[in-house]
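Visitor: Have a look; sequence and predicted model below, questions after that.
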Amino acid sequence: MVFASLFVALAFAPGDAPLPDELKALVDKLSKEKPAAAAAHKAELEKRYDLGDAPAKDAAMTRGKAVQSGVRVKLPAGVTWEQLAAMAPADIKAKDLFPRGFMPLTHPNHALGGMIFPQFVIDGLKAQTGRDLTRFDLDFDFPNHLLPEFPPAIFLTTRPDLGDVSKGQFVTTANYWELFHDFLNPKQLEGLRLLVSPFPQAQFNHTRDRRSLQPSLGVSCFDCHVNGHTSAATHTVGDIRPDDFRHRIDTPSLRGVNVQRLFGSQRALKSVEDFTEFEQRAAYFDGDPEQATRKGVNILERGSQVHFMAEFQALLDFPPAPKLMWDGKLDPKLASPQELRGQEVFFGKGRCAECHSGPYYTDNSMHNLRTERFFTPRKIEAMTATADGPIKTFPLRGIKESPPYLHDDRLLTLEDTVEFFNLVLGVQLSGEEKAALVAFLRAL
């Protein structure tokens with residue numbers, strides 16, 4: 001094992017060849033600009049949120065990582081959540097009281113954009129495969145305690161008896177075959193191989209305008225969707241122009257993808273096969289076909305490769321939820337009184353179930369929350385914060401394991417999410433009802 005690790009390190013060690021002049025000039029420029037941009041983004045996050053580590057006492061993810069607790073979005077001075085919820089949207093807008101943390105969230109450097117990964121993903125890939133997804137121009141923004149556990153567990157719809165088939169490992173090209181060959185058929189195994197295989201991408205490739213110091217093999221689907229779940233890696237939408245109107249996008253979990261019917265940042269893709277092909281041919285390259293051709297687009301064969309990848313993705317199951325019955329509702333013999341109260345709020349006063357219907361807590365549709373009712377559009381860093389438009393109803397099964405929340409990661413905890421929808425939907429929940437609703441969501 002030691003010899004194998006040494007071999008990987010030597011085989012993938014960066015060469016000593018000097019950088020091409022064009023790339024060296026880019027590295028010098030962006031490296032000099034990086035500290036100021038990072039400081040500005042950190043200041044923006046601190047205006048919005050309490051980023052501290054406050055684990056919940058009674059909630060953990062499958063492999064033991066603590067779920068973060070508490071409302072992290074900061075209120076404007078002189079107003080309480082109760083006062084804010086009692087105000088009309090027009091009054092909130094006129095008095096500029098909509099919390100900054102409820103507004104669209106910027107990319108870690110919105111002017112640069114592109115894929116950016118949490119450090120634990122970068123470290124894990126380097127250790128197992130020698131690939132380096134470090135960018136010389138920017139770093140990921142949120143601290144690890146606010147992100148999903150790493151590596152996440154993997155559950156399969158076909159083999160629930162096996163439990164976590166990842167065995168606690170980060171699944172990459174280095175170990176996928178040993179972990180899965182005994183219980184996947186050849187098509188599914190080939191699909192998984194493609195999902196963990198790196199292919200050129202806008203920031204990680206061999207060209208002179210890449211964002212990695214060394215020529216890069218690229219990224220894989222499971223670099224963002226780690227173990228078929230999510231790492232909270234982020235990107236900017238590739239099909240919106242001009243640049244300042246592009247949105248930061250969340251990496252959604254692939255768990256339960258077989259029950260979903262809408263895919264992609266604009267929800268224009270109607271099958272997981274469409275999404276898989278689109279990612280490789282367009283999203284990897286910011287929707288720019290010319291860039292894709294120049295940097296190394298990976299044209300997948302629809303009838304075999306895309307099909308095999310989709311077939312494996314369709315096996316990814318939600319984590320077990322022992323308190324739920326067949327219809328997705330709580331078993332009253334197992335649930336706490338607070339969880340049962342939260343379920344009552346979810347299906348009643350809170351109006352959550354109007355979009356997130358059971359048993360998977362999605363309606364496979366889109367809804368426009370019209371948050372622009374509450375604030376005047378403005379520039380935040382290099383992004384224009386304005387209307388979001390229609391957004392997908394994500395499944396809520398296993399939701400405690402997928403922070404941060406909403407389509408652009410603007411909500412750090414489930415408590416933030418409850419406060420956001422309490423205000424946007426105007427449902428006037430009490431403190432007791434909010435706490436109960438959070439307890440129910442953690443049980444899903």
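Guide: Nice, thanks for sending it over.
Visitor: contacts, neighbours, all on C-alpha from now
Guide: OK.
Visitor: which regions of the stretch 101-250 of the chain sit below the pLDDT cut-off?
Guide: Where the stretch 101-250 of the chain drops to pLDDT under 70, the residues are 239-241.
Visitor: redo that, cut-off 50
Guide: Scanning the stretch 101-250 of the chain for pLDDT under 50 picks out no residues.
Visitor: Do you have the helices of it handy? List them.
Guide: Secondary structure of the stretch 101-250 of the chain (DSSP state H, counting those that start in this stretch): helices located at 119-129, 176-180, 186-196, 221-224.
Visitor: Reformat these as TSV; add mean neighbour count and distance to Thr386.
Guide: TSV is the format used below for those (neighbours: other CA atoms under 10 Å; distance: least, CA to CA, whole Å):
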stretch	mean neighbour count	distance to Thr386
helix 119-129	17	30
helix 176-180	14	42
helix 186-196	21	35
helix 221-224	24	27
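Visitor: Present these as JSON lines; the columns should include distance to Ser402.
Guide: Compiled in JSON lines, the helices of the stretch 101-250 of the chain are given as follows (distance: least, CA to CA, whole Å):
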{"stretch": "helix 119-129", "distance to Ser402": "16"}
{"stretch": "helix 176-180", "distance to Ser402": "23"}
{"stretch": "helix 186-196", "distance to Ser402": "20"}
{"stretch": "helix 221-224", "distance to Ser402": "13"}
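Visitor: between those helices, which one is nearest to Asp91?
Guide: Set against Asp91 and scored by CA to CA, those come closest in helix 221-224, at 40.0 Å.
Visitor: hmm, who's touching that closest one?
Guide: 117, 121, 172, 195-198, 228, 230-234, 251 (CA atoms under 8 Å, 6 or more residues apart in numbering).
Visitor: again with stretch 63-73
Guide: With CA under 8 Å, 6+ apart as the test, stretch 63-73 has contacts from 48-51, 53-56, 59-61, 99-102, 145-146, 149, 152-153, 168, 400-401, 411-416, 419.
Visitor: again, only this time at 6 Å
Guide: Contacts with stretch 63-73, where a contact means CA atoms under 6 Å, 6 or more residues apart in numbering, come from Arg48, Tyr49, Asp50, Ala54, Pro55, Ala56, Ala59, Ala60, Gly101, Glu149, Glu415, Asp416.
Visitor: Can I get the buried part of these as one PyMOL selection?
Guide: Selection of the buried residues among the contacts of stretch 63-73 in PyMOL, burial being defined by 16 or more other CA atoms under 10 Å:
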select buried, resi 48+49+55+59+60+101+149+415+416
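Visitor: Now tabulate the contacts of stretch 63-73 in TSV and tack on distance to Ser212 and secondary structure.
Guide: TSV is the format used below for these (distance: CA to CA, whole Å; DSSP: H, G, I helix; E, B strand; the rest coil):
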residue	distance to Ser212	secondary structure
Arg48	30	helix
Tyr49	30	strand
Asp50	31	coil
Ala54	34	coil
Pro55	34	strand
Ala56	37	strand
Ala59	38	strand
Ala60	35	strand
Gly101	31	helix
Glu149	26	coil
Glu415	37	helix
Asp416	35	helix
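Visitor: Distance to Met87 for the contacts of stretch 63-73 - can I get that in CSV?
Guide: Formatted as CSV, the contacts of stretch 63-73 follow (distance: CA to CA, whole Å):
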residue, distance to Met87
Arg48, 21
Tyr49, 22
Asp50, 24
Ala54, 30
Pro55, 31
Ala56, 30
Ala59, 33
Ala60, 35
Gly101, 18
Glu149, 38
Glu415, 20
Asp416, 18
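Visitor: Show the pLDDT at Trp267.
Guide: Careful, residue 267 is Arg; it's not Trp. Listed pLDDT for Arg267 reads 64.
Visitor: should've said Val8
Guide: Model confidence at Val8, given as pLDDT, is 38.
Visitor: before we move on, what about Ala282?
Guide: So Ala282 comes in at 77 (pLDDT).
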